[in-house]
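Colleague: how does the following fold in three dimensions:
(2 chains)
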Amino acid sequence: MKQKEGQSSIATIHGQCLFHLAGLVVIRRRTLTNFWAVLCKELRSYFLSPFIYLISAVFLLLSGYYFYTDLIFYVQFGFGMSIMENFWQLLFNDLRLVVLLTVPFLTMRLFAEEKRLGTIELLLTYPMRDAELFWGKFAACTVATLFMLSWTALYPVIMYQLQPFAWTAVVAGYAGLVLLALSFVACGLFISSLTDNQVVAGLSALGVLLFFWILSWNEGATNEGLLRVLAQLSTVTHFQSFAQGFIDLKEVTFFLLFMVFFNFLTLRSLESRQWRGRR
Amino acid sequence: MIEVHGVTKYYGSIRALYNVSFTVQKGEIVGLLGPNGSGKTTLMRILTGFFPPTEGKVSVAGLDVETASLEIRRRLGYLPENVVLYPDMSVRAFLNFCARVKSDSVNQRKSQVERVLHECALEHMAHRHIGTLSKGYRQRVGLAQALLCEPEVLILDEPTIGLDPHQVVEMRELIKGLGGKATILLSSHILSEVSLTCQRVVIIDKGQIVAEDTAAGLSERVQGASQTLVRAAGPRLELLAAFRALSKVRAVTVQDGSMGGQEGHTFIISSPDHTIAREIAQTVVTHGWDLYELKPVTMGLEELFIHLTAEEKRAAA
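Modeller: Numbering: from 1, shown residues only, chains lettered A, B, ... in the order given. Next up is the predicted model:
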């Protein structure tokens, strides 16, 4: 009798598992639809407004200046060095700064504007999960960032015309640049989810990102142990090997964790309306 | 359809709602009436699952808002207060986005968008950017998104605010037309607005329910002593005596002096009967006096609150 009960309960558990699995499949489709809807909406508002073209223009102006001056520097002082050791490393390291200065302008709007307009209330009362909304926005911002970065692909193309080189190293540099930019996107999105003011969101993101950069700068102000820890947190330290032309799995992991950390915080920030005002 | 049991909501230390309970039956149109800052919007946000109550239970269509939020949101249309929407999106693009999120079936989406565009008379504005629309049209777009996919429950926060009188009438007709098909809870701070559209009214003040009644019952209570304003020319004391002599009159007060430069004397006559106006007119005419003005005195929301809160206090004492 007992065995029978056990069996039937196992059968129910199986049944429940199947039910949940079926539910999961249904939800998966819904999730994709919602994700896609948000992504399309955000892409539309990115690319139908002049803002992204303006930011891209500023980005290209600054990176073009670096491209030119770094090339001159290489031609004049990099004699005897390989182009990878000197020119590309220099250029990728300089591009970091340009990415840092422009990405917050792409992320600042995403949640802050929804909050200011009050449309966030609409979105969060639609049959949509917070995560679907978040990933839709993250993906849209990723596309916008890649759009901005993609114009710099002209540089290697021009260089290759002048003097063929081992392009694998440049690929590594770009992989690093994309990881760095997406980490900035994750951080910027989080800060945008905290305020309803775009300017505050943009400037705070800039400040926080800069802080992650300069953490390891001052050797004098910290002791050696602390410096080692800070250096590990610094985005610059982890970008170094990419600029040198290597894709180090350790560094890739760092950037992925950086993104996971901030994405986690953003989702908690969106969710906070559910537990604020609770006792 | 909507059940609210002992709902309390705190924002930090500020209490926005306290022990609110009421139910809305299927197909009913219920008005939530209260002055600004009385907790209407907070209550509506709880119903839509935007945030949970601090205490208490809320269920919509038999489902708990906290545990089955997603399922409820699928059956619900919500028009938030002061809908600004996305200014850089066209009406159709915005509704397409909403339909995509709300509807499972791809085929249904297009027909749903066309339907709400038609119902809200927005067809000729479909290509316009929402930012360029007038307040009235924007409000209609807000309503259109709420009506997508034929929700069982509609929550409308101040649906007629900021509309011109013509648009208010249109919106009212639209909402009335939806009654029976959907269960509707709408909020307002204008008494006449609510009594015209809703079958039942829940009055809320400082986060607490003050009264809950049918629209007719409420006006009965408000005008329990129906008041009529009379302005007539004639000897003042004789007029007063003649009005007092009428059979159904409970009290007569003189309101002279308040209306500067007007001919005649003004009286407020209280009576339990609504048909007193006829007798008043007759009295004035048979005496050969001139009748300048005769109208029922309607109680404003402020007076209604004073009335109702006084009632509450009396009940408590």
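Colleague: what are the boundaries of the helices in chain A?
Modeller: A:2-47, A:51-77, A:89-117, A:119-124, A:130-150, A:154-162, A:167-192, A:198-214, A:224-233, A:235-243, A:249-275 (DSSP state H).
Colleague: and the nearest residue to residue A:95 once chain neighbours are set aside, what pLDDT?
Modeller: Leaving aside its chain neighbours, residue A:95 sits nearest to residue A:63 (5.6 Å; criterion: Cβ to Cβ, 6 or more residues apart in numbering or on different chains). Backbone N, C-alpha and C define where each C-beta goes, glycine included. With respect to pLDDT, residue A:63 has a value of 93.
Colleague: where's residue A:63 relative to chain B, distance?
Modeller: In this view, residue A:63 and chain B are 28 Å apart by Cβ to the nearest Cβ, to the nearest Å.
Colleague: report the contact partners of that residue.
Modeller: A:94-95, A:98, A:152 (Cβ atoms under 8 Å, 6 or more residues apart in numbering or on different chains).
Colleague: one more: residue A:239?
Modeller: A:92-93, A:96, A:176, A:180, A:251.
Colleague: from these, which is closest to residue A:110?
Modeller: Using Cβ to Cβ, residue A:180 comes nearest to residue A:110 of the contacts of residue A:239, at 18.8 Å.
Colleague: ok, now how distant is the closest residue to the closest one other than its chain neighbours from residue A:248?
Modeller: With sequence-adjacent residues excluded and distances taken as Cβ to Cβ, 6+ apart, residue A:180 is closest to residue A:239, at 5.6 Å. For residue A:239, the distance to residue A:248 equals 11 Å [Cβ to Cβ, to the nearest Å].
Colleague: same check on residue B:136?
Modeller: Distance from residue B:136 to residue A:248, by Cβ to Cβ: 60 Å.
Colleague: with residue A:174 instead?
Modeller: Distance from residue A:174 to residue A:248, by Cβ to Cβ: 15 Å.
Colleague: so for these two, which sits in the more crowded spot?
Modeller: residue A:174 (18 against 15; other Cβ atoms under 10 Å in any protein chain shown).
Colleague: any idea which residue sits dead centre in the chain?
Modeller: In the absence of a named chain, this looks at chain A. Geometric centre of chain A, nearest residue: residue A:182, 1.7 Å, by Cα atoms, centre = their mean.
Colleague: oops, chain B please
Modeller: Among the residues of chain B, residue B:194 comes closest to the average C-alpha position under Cα atoms, centre = their mean, at 2.7 Å.
Colleague: that one should be in a helix, yeah?
Modeller: Yes - the assignment for residue B:194 (DSSP: H, G, I helix; E, B strand; the rest coil) places it in a helix.
Colleague: and the nearest residue to it once chain neighbours are set aside, helix, strand or coil?
Modeller: Leaving aside its sequence neighbours, residue B:194 sits nearest to residue B:31 (Cβ to Cβ, 6+ apart; 3.5 Å). Secondary structure state of residue B:31, per three-state DSSP, is strand.
Colleague: verify the stated contact: residue B:31 with residue B:204.
Modeller: No - with contact defined as Cβ atoms under 8 Å, residue B:31 does not count as touching residue B:204 (10.5 Å).
Colleague: pLDDT score for residue B:1?
Modeller: 85.
Colleague: and what of residue B:255?
Modeller: In this model, residue B:255 carries a pLDDT of 75.
Colleague: please name the residues that touch it.
Modeller: Residue B:255 touches B:229, B:266-268, counting by Cβ under 8 Å, 6+ apart.
Colleague: for the stretch 151-279 of chain A, which spans come out with low pLDDT?
Modeller: Within the stretch 151-279 of chain A, the segments meeting pLDDT under 70 span A:218-222, A:277-279.
Colleague: state the distance from the residue of it found nearest chain B to residue B:52.
Modeller: At 4.5 Å from chain B, residue A:273 is the closest residue in the stretch 151-279 of chain A, using Cβ to the nearest Cβ. Distance, residue A:273 to residue B:52, by Cβ to Cβ: 9 Å.
Colleague: one more: residue B:42?
Modeller: Distance from residue B:42 to residue B:52, by Cβ to Cβ: 12 Å.
Colleague: residue B:283 now?
Modeller: Distance of residue B:283 to residue B:52, given as Cβ to Cβ: 60 Å.
Colleague: who has more neighbours out of these two?
Modeller: residue B:52 (22 against 18).
Colleague: that one touches residue A:276, doesn't it?
Modeller: No - using Cβ under 8 Å as the test, residue B:52 is too far from residue A:276 to be in contact (9.9 Å).
Colleague: report how many residues lie close to residue 145.
Modeller: Let's take chain A. Neighbours around residue A:145, by other Cβ under 10 Å: 24.
Colleague: chain B was what I was after
Modeller: 27.
Colleague: pull out the buried residues from the strand or helix carrying it.
Modeller: Assigned by DSSP states H and E, residue B:145 falls within helix B:135-147. By neighbour count on 16 or more other Cβ atoms under 10 Å in any protein chain shown, the buried set for helix B:135-147 is B:136-147.
Colleague: average pLDDT for the next helix or strand after that helix?
Modeller: Sequence-wise, the next helix or strand downstream of helix B:135-147 (DSSP H and E) is strand B:153-157. Averaged across strand B:153-157, the pLDDT comes to 92.
Colleague: is strand B:153-157 up against chain A anywhere?
Modeller: No - using Cβ under 8 Å from any Cβ of the partner chain, strand B:153-157 stays clear of chain A, coming no nearer than 8.6 Å.
Colleague: tell me which strands and helices whichever helix or strand comes after that strand is in contact with?
Modeller: In the C-terminal direction, the helix or strand that comes right after strand B:153-157 (DSSP H and E) is helix B:165-178. Applying 3 or more Cβ pairs under 8 Å, 6 or more residues apart in numbering or on different chains; DSSP states H and E, we find helix B:165-178 packed against helix B:135-147, strand B:183-188, helix B:191-197.
Colleague: could those go into TSV alongside mean pLDDT?
Modeller: Output for those, formatted as TSV (pLDDT from 0 to 100):
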stretch	mean pLDDT
helix B:135-147	89
strand B:183-188	90
helix B:191-197	78
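Colleague: can I get these in CSV including distance to residue A:213?
Modeller: Converted to CSV, the helices and strands packed on helix B:165-178 look like this (distance: least, Cβ to Cβ, whole Å):
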stretch, distance to residue A:213
helix B:135-147, 43
strand B:183-188, 49
helix B:191-197, 57
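Colleague: which residues touch the nearest residue to residue B:182 once chain neighbours are set aside?
Modeller: Leaving out its chain neighbours, the residue that sits closest to residue B:182 by Cβ to Cβ, 6+ apart is residue B:154, at 4.9 Å. Listed by Cβ under 8 Å, 6+ apart, the contact set of residue B:154 reads B:76-79, B:146-147, B:178, B:182-186.
Colleague: go again with 6 Å.
Modeller: Residue B:154 sits next to B:77, B:182, B:184 when contact means Cβ atoms under 6 Å, 6 or more residues apart in numbering or on different chains.
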